[in-house]
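Chemist: Give me a model of this one.
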Amino acid sequence: MADVRPWGSYEILAEAVNYKVKVITVNPSSRLSLQRHQKRAEHWVVIEGEACVTIEKSVTFAGEGAVFNIAFGQTHRIENIGKVPLVFIEVQTGTYFGEDDIERIEDDYGR
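Modeler: Predicted coordinates for the structure are as follows:
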């Protein structure tokens, strides 16, 4: 069952002590917060749609098949710049995957 957020939704596909795998859907004209994590890295694979991905000061426009690796502590954000839902797979690796490891730097939704 999907967990609904203001920007779209996500569903956990698999999880273990050292990883978590999600499928994330971002609504058109929506984006996740600019954030970083201290206890996990993230690896993204764009499955469908058009994305603008920010990692630190680097901004990349990408579509289906694009892969991004976000290291521990790097600021990052993904935005749907298309007219259809943006879908990507997120593989988290590290030691802790709780929502309280999200440090939001900018957030469109006041969280």
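Chemist: And the pLDDT for the spatially most distant residue from the centre of the chain?
Modeler: Distance from the C-alpha centroid of the chain peaks at Val17, with 19.8 Å (C-alpha atoms, centre = their mean). pLDDT, Val17: 96.
Chemist: quick one: it and Thr25, what's the gap?
Modeler: Computed as C-beta to C-beta, to the nearest Å, the Val17 to Thr25 distance reads 26 Å. Yep, even glycine has a C-beta here, placed from its N, CA and C like the rest.
Chemist: go on, Val59?
Modeler: Distance, Val59 to Thr25, by C-beta to C-beta: 22 Å.
Chemist: Those two: which has the busier surroundings?
Modeler: Using other C-beta atoms under 10 Å as the criterion, Val59 and Thr25 rank with Thr25 on top: 21 against 11.
Chemist: The closest residue to that one other than its chain neighbours: how many residues sit nearby?
Modeler: Distances taken as C-beta to C-beta, 6 or more residues apart in numbering put Gly8 closest to Thr25, at 4.6 Å, once the chain neighbours are dropped. Around Gly8 there are 19 other residues, counting by other C-beta under 10 Å.
Chemist: so Gly8 bridges to which residues?
Modeler: Judged by DSSP bridges, the bridge partners of Gly8 are Arg5, Val26.
Chemist: which ones are touching it?
Modeler: By C-beta atoms under 8 Å, 6 or more residues apart in numbering, the contact list for Gly8 reads Ile24, Thr25, Val26, Asn27, Ser30, Asn80, Pro85, Leu86.
Chemist: Tell me if I'm right that Ile47 and Pro85 touch.
Modeler: No - counting by C-beta atoms under 8 Å, Ile47 does not reach Pro85; the two are 10.1 Å apart.
Chemist: The closest residue in space to Ile102 that isn't next to it in sequence: neighbouring residues, count only.
Modeler: Nearest residue to Ile102, sequence neighbours excluded (C-beta to C-beta, 6+ apart): Gln35, at 5.2 Å. Neighbour count for Gln35, taken as other C-beta under 10 Å: 18.
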